[in-house]
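In: with the sequence up front, the predicted model follows.
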Amino acid sequence: MRLAGKKIVLGLTGGVACYKIAELTRALGKVGATVQVVMTDAATHFITPVTMQALSGNTVYTDQWDARIHNNMPHIDLTRDADAIVIAPCSTDFIYKLAHGACNDLLSTLCVARPAHLPLLVAPAMNVEMWQNPATQRNVAQIRADGIQVLGPAAGDQACGETGMGRMLEPDQLLTEIIASFQAKSLSGKHVLLTAGPTFEPIDPVRGITNLSSGKMGYAIARAAWEAGAIVTLVSGPTALDTPYDVRRIQVQTAQQMHDAVMAQLQLHKQDVFVAVAAVADWRVANASEQKLKKTSDTDTPQLQFAQNPDILAAVAAMPDAPYCVGFAAESENLLQYGAAKRLKKNVPLLVGNIGHHTFGRDENELVLFDASGHTALPRADKQTLALQLVAEISLRLALPH
Ligand code: CTP
């Protein structure tokens, strides 16, 4: 319930993308938000107030002369207990109105009359030519300069049949942006590189050795770092997970590929933080076969030989000018003892311990953080909650001299 107790004033303006806001309204409710819908007259041509009232569970307002508000001032009263205003879809015309402080309908008046501290987020949705029009771009620059947060737009196929910039973000992306807008930007502008998931070491073209890591913890940390304002790159082994929104994912299979991808990223751009969450195979099959191994008799078994993989975390930590390194330890016993020892062995300022077989593939985990001053427990919670806590802990330590 990431938005529990939050009230969102959700403004709809005219655009085909209105149909996607039905889904966003539901999604906001599911994460605990109260949704107060306000629609322009144009928006009511695309989706009805009846639908929006049914989905939000609250009276929908469309008219500045609506007498249902006791003092007849919906443009004031609707935002006074709100935590954010989100305009989605936000039309070309509505961006123009915001840029010029127009007050000629309820929604525009409500935006101008909002308390100065109340965040206003807009999700543009329009034809590519309308988006690229210099007048629109001038107005977008103006509303950004005024502190209005512009979400997207994305590029792609458009309702009019043309293709290009101007598509509204998808409902799940809008939800992610809205949730992130409530997060402290403790890693603002920082570059964060992570590894996540298992590795896969081939035995032959169709078989290999892997482990039970699902990647969920690493992906949750990638998302939490992005929510904290970081520019995030995720080097991931094979997982079934979607790439977190606005995170750059580099897909690899083997430990050697993961090592090479991490080193390439460090060459490409200086990273402030490196978080090694991946369950990296310690060994690869040295005599992997180019062809599928065949069962030749009932008694013969293949003789696999192993070679050690590079230790990615240790290699990064040993670099001159290394990023702030965070390691993970997946143990099966003696976590306090092994965790503290592993932090020293890997030579990292922060190591996160967990019991591997209690967490691999699950949605929940519990963590123990080891640093130079001892250890701290983060009690059992879902991985996204733990990831937010861990990112806050990393941010605190990053701000200290190290
Ligand atoms: N790690 C890595 N490269 C490797 C092995 C591990 O980057 N080749 C990283 C993991 O991502 C994790 C940390 O090192 O952050 C600890 O990994 P783990 O496998 O638990 O520790 P090992 O050093 O392999 O020790 P052991 O297997 O003996 O417990």
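Out: Received it, and whenever you're ready, just let me know what you need. It should be emphasised that the depicted structure is a prediction, and the values quoted were computed from it without experimental measurement. Numbers count the residues shown, from 1 in each chain.
In: tell me which parts of this structure are close to the ligand?
Out: Residues of the chain lying close to the ligand (CB under 6 Å from any ligand atom) are 195, 255, 276, 278, 280, 282, 309, 311-313, 327-330. For the C-beta atoms, the positions are set from N, CA and C on the backbone; glycine is no exception.
In: swap the cut-off to 5 Å and go again
Out: 276, 278, 280, 309, 311-313, 327-330 (CB under 5 Å from any ligand atom).
In: ok, the residue nearest to residue 360 when sequence neighbours are not counted to residue 11 distance?
Out: Nearest residue to residue 360, sequence neighbours excluded (CB to CB, 6 or more residues apart in numbering): residue 212, at 4.0 Å. Residue 212 sits 46 Å away from residue 11, going by CB to CB, to the nearest Å.
In: picking up where we left off before, taking the residues of the chain next to the ligand one by one, which sit in strands?
Out: Among those, the members found in strands (DSSP state E) are 276, 327-330.
In: picking that back up, just the element for the residue nearest to residue 360, please.
Out: Using DSSP states H and E, residue 212 falls within no helix or strand.
In: and the residues of the chain next to the ligand as JSON lines, adding pLDDT?
Out: Listed next are the residues of the chain next to the ligand as JSON lines, based on pLDDT from 0 to 100:
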{"residue": "276", "pLDDT": "98"}
{"residue": "278", "pLDDT": "97"}
{"residue": "280", "pLDDT": "97"}
{"residue": "309", "pLDDT": "98"}
{"residue": "311", "pLDDT": "97"}
{"residue": "312", "pLDDT": "98"}
{"residue": "313", "pLDDT": "97"}
{"residue": "327", "pLDDT": "97"}
{"residue": "328", "pLDDT": "96"}
{"residue": "329", "pLDDT": "93"}
{"residue": "330", "pLDDT": "88"}
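In: dump those residues into TSV; add neighbour count as well.
Out: Shown next, in TSV, are the residues of the chain next to the ligand (neighbours: other CB atoms under 10 Å):
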residue	neighbour count
276	28
278	28
280	24
309	18
311	17
312	24
313	26
327	26
328	26
329	21
330	20
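In: reformat those residues as CSV; add distance to residue 114.
Out: Formatted as CSV, those follow (distance: CB to CB, whole Å):
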residue, distance to residue 114
276, 44
278, 45
280, 50
309, 55
311, 53
312, 48
313, 47
327, 45
328, 43
329, 48
330, 48
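In: need the contact list for the residue nearest to residue 360.
Out: Residues near residue 212 by CB atoms under 8 Å, 6 or more residues apart in numbering: 198, 279, 356-357, 360-361.
In: filter the residues you listed to the buried ones?
Out: Taking 16 or more other CB atoms under 10 Å as the criterion, what is buried in the contacts of residue 212 is 198, 279, 356, 360.
In: hey, where'd the strands end up in the stretch 251-400 of the chain?
Out: 273-276, 283-285, 306-308, 324-331, 350-355, 364-371, 374-382 (DSSP state E, counting those that start in this stretch).
In: and the average pLDDT for stretch 184-201 is what?
Out: Stretch 184-201 carries an average pLDDT of 98.
In: what comes up buried for that stretch?
Out: Buried-residue list, stretch 184-201, by 16+ other CB under 10 Å: 186-187, 190-201.
In: do the same with stretch 350-357
Out: 350-356.
In: which secondary structure state does whichever residue of the stretch 51-200 of the chain sits closest to the ligand sit in?
Out: Closest to the ligand within the stretch 51-200 of the chain is residue 195: 5.7 Å, counting by CB to the nearest ligand atom. Three-state assignment for residue 195 (DSSP: H, G, I helix; E, B strand; the rest coil): strand.
In: hmm, it is touching residue 311, no?
Out: No - checked against CB atoms under 8 Å, the pair residue 195 and residue 311 is beyond contact range at 11.7 Å.
In: give me the common contacts of these two.
Out: With CB under 8 Å, 6+ apart as the test, residue 195 and residue 311 both reach residue 280.
In: tally of neighbours for the closest residue to residue 316 other than its chain neighbours?
Out: Distances taken as CB to CB, 6+ apart put residue 274 closest to residue 316, at 5.2 Å, once the chain neighbours are dropped. By other CB atoms under 10 Å, 25 other residues sit near residue 274.
In: wait, what's in contact with residue 274?
Out: With CB under 8 Å, 6+ apart, residue 274 has these contacts: 192-194, 262, 266, 313, 316, 322-326.
In: what bridges to it?
Out: Note on residue 274: beta-bridge partners by DSSP bridges are residue 193, residue 325.
In: roughly how far does it sit from residue 17?
Out: Distance of residue 274 to residue 17, computed by CB to CB: 39 Å.
In: same question for residue 27.
Out: 15 Å.
In: higher neighbour count, the two?
Out: The neighbour count for residue 27 versus residue 17, taken as other CB under 10 Å, is higher for residue 17 (29 against 18).
In: how many residues are close by residue 286?
Out: Residue 286: 10 neighbours (other CB under 10 Å).
In: kindly report the same for the one 10 residues further on.
Out: If you count neighbours by other CB under 10 Å, residue 296 ends up with 8.
In: repeat for residue 41
Out: Neighbours around residue 41, by other CB under 10 Å: 13.
In: looks to me like it is in a helix.
Out: No - assessed with three-state DSSP, residue 41 is coil; it does not lie in a helix.
In: check the closest residue to residue 388 other than its chain neighbours and give its pLDDT.
Out: Nearest residue to residue 388, sequence neighbours excluded (CB to CB, 6+ apart): residue 224, at 4.8 Å. Residue 224 is assigned 98 on the pLDDT scale.
In: could you name the specific helix or strand carrying residue 224?
Out: Using DSSP H and E, the element containing residue 224 is helix 216-227.
In: and that helix, what does it pack onto?
Out: Packing partners of helix 216-227 (3 or more CB pairs under 8 Å, 6 or more residues apart in numbering; DSSP states H and E): helix 171-181, strand 191-196, strand 231-236, strand 273-276, helix 383-399.
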